[in-house]
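# The amino acid sequence is not available; the structure is as follows:
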């Protein structure tokens, strides 16, 4: 653990950017967003550490919304090189989401070569949340508003200084090469960080104190697979698909071919299980013609089948789906309604 003054941190980052492109948050008026900086473009005035996660998910840097994956006819191995970048200041919910995407794109018999390249080449400099967002519920998903792993460096803002923790061998090499004027962290700095983390965690928990679950989400969903409750829960959904697009763990995609001169390109784009054509088969048949069925499928996938297949829920509690939903559907409330009906039906003892 090390500490560094803010001005020295800015200089170190600028020195690093001379060799490696950055993907970093910027503050424009009252809006915070991410921007790509080519080598040498990032300046100290661009330095900003967001209080909570950005509106857009980190997954787009590893699993792009539009990507050419092949060209044919060709006999050559067609794997385009992915440009490595430094990703500044993502939050814990996005890092946890990468673990979930790893199970889909990096593990198993057929890993995605583009995703694997991005995971290998991109360097992550994470940071703690310093506020509890209105829609954040990471603590309900057995997570926390600060990173524990899956980063190369993690930076925690303290009073006047920044605490730096290394999370990989690459992170240690980066510190040695680009960061100067580092000082060993003292016990008081670690205590200060722990107090900050405890305060933010309590704040997230207080935001979500009305949501209490007495069984797993998988159990509640499985008891409603044949229920008509999904018609009620999906009544305000407009099928825009925004919840799946800004979700950091949703990973459905569609492949299509298009002409490119005398050749053809194969393109991979994001898809959404909310779209009516998502499950359509030959002849135009679809097993999920009704919106309620597609709505149920999303929850079933995230909290039931994904748990069965991969041992974890496909949700990190980032709250983006709640924040972006035009139908004002709150995932936490959906899960509570499923839970409530099971409790009432089976007379479960809540003591």
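Noted; the coordinates are in hand. The shown structure was predicted, so the numbers you read here are calculated from the model rather than taken from an experiment. Numbering: from 1, shown residues only.

# what's the burial count for residue 79?
Residues within reach of residue 79, counting by other Cβ atoms under 10 Å, total 12. To be clear about C-beta, it is placed using only N, CA and C from the backbone, and glycine gets the same treatment.

# any idea how far the closest residue to it other than its chain neighbours is from residue 57?
Counting by Cβ to Cβ, 6 or more residues apart in numbering, residue 113 is the residue found nearest to residue 79 once chain neighbours are left out, at 5.1 Å. According to Cβ to Cβ, to the nearest Å, residue 113 and residue 57 sit 21 Å apart.

# Equivalent analysis for residue 35, please.
16 Å.

# between these two, who's got more neighbours?
A side-by-side neighbour count of residue 35 and residue 57, using other Cβ under 10 Å, places residue 57 first with 25 against 13.

# show me the contacts for the more buried one.
94, 97, 246-248, 318, 320 (Cβ atoms under 8 Å, 6 or more residues apart in numbering).

# ok, those residues vs residue 163, which is closest?
The closest of the contacts of residue 57 to residue 163 turns out to be residue 94 (Cβ to Cβ; 20.0 Å).

# So which elements touch the one helix or strand that closest one maps to?
Here residue 94 sits within helix 92-105, counting by DSSP states H and E. If you count contacts as 3 or more Cβ pairs under 8 Å, 6 or more residues apart in numbering; DSSP states H and E, helix 92-105 packs onto helix 113-121, strand 123-127, helix 306-310.

# That one - what's its average pLDDT?
What helix 92-105 shows for mean pLDDT is 97.

# what's the answer for stretch 81-88, then?
92.

# Now do the end-to-end distance for it.
By Cα to Cα, to the nearest Å, the extent of stretch 81-88 from end to end equals 22 Å.

# about what we covered before: now render the contacts of residue 57 as TSV, adding neighbour count, distance to residue 186 and secondary structure.
Listed next are the contacts of residue 57 as TSV, based on neighbours: other Cβ atoms under 10 Å; distance: Cβ to Cβ, whole Å; DSSP: H, G, I helix; E, B strand; the rest coil:
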residue	neighbour count	distance to residue 186	secondary structure
94	25	30	helix
97	26	33	helix
246	19	40	coil
247	23	40	coil
248	28	35	coil
318	31	33	coil
320	26	37	helix
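
# quick one: which of the residues you listed is nearest residue 170?
residue 94 (18.5 Å).

# Need the phi and psi values for the closest residue in space to that closest one that isn't next to it in sequence.
Nearest non-adjacent residue to residue 94, counting by Cβ to Cβ, 6+ apart: residue 58, 3.8 Å away. Dihedral pair for residue 58: phi -70, psi -20, per degrees, to the nearest 10.

# Pull the number of nearby residues for residue 58.
24.

# Okay, domains of the chain per the record?
2-207, 217-346 (automatic domain parsing).

# Regarding the protein, what is its longest helix?
helix 187-207 (DSSP state H).

# In that one, which residues are buried?
189, 192-193, 196-197, 200-201, 203-204, 207 (16 or more other Cβ atoms under 10 Å).

# For those residues, could you give me a markdown table that also reports distance to residue 119 and pLDDT?
Formatted as a markdown table, the buried residues of helix 187-207 follow (distance: Cβ to Cβ, whole Å; pLDDT from 0 to 100):
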| residue | distance to residue 119 | pLDDT |
| --- | --- | --- |
| 189 | 31 | 95 |
| 192 | 32 | 96 |
| 193 | 27 | 96 |
| 196 | 29 | 96 |
| 197 | 26 | 97 |
| 200 | 28 | 97 |
| 201 | 28 | 97 |
| 203 | 32 | 97 |
| 204 | 28 | 97 |
| 207 | 32 | 92 |
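
# Got the confidence number for the residue lying farthest from the centre of the chain?
Of all residues in the chain, residue 262 has its C-alpha farthest from the mean position, at 38.8 Å, by Cα atoms, centre = their mean. Note for residue 262: predicted pLDDT of 87.

# From residue 71, how far out is it?
According to Cβ to Cβ, residue 262 stands 11 Å off from residue 71.

# which intervals of the stretch 251-351 of the chain have sub-threshold pLDDT?
Regions of the stretch 251-351 of the chain meeting the criterion pLDDT under 70 cover residues 342-351.

# just the strands in it please.
Listed in chain order, the strands of the stretch 251-351 of the chain (DSSP state E, counting those that start in this stretch) span 253-260, 263-270.

# Please enumerate the helices of this protein.
Counting by DSSP H, the helices of the chain are 6-17, 92-105, 113-121, 169-178, 187-207, 217-222, 229-233, 242-245, 291-300, 306-310, 320-324, 331-346.
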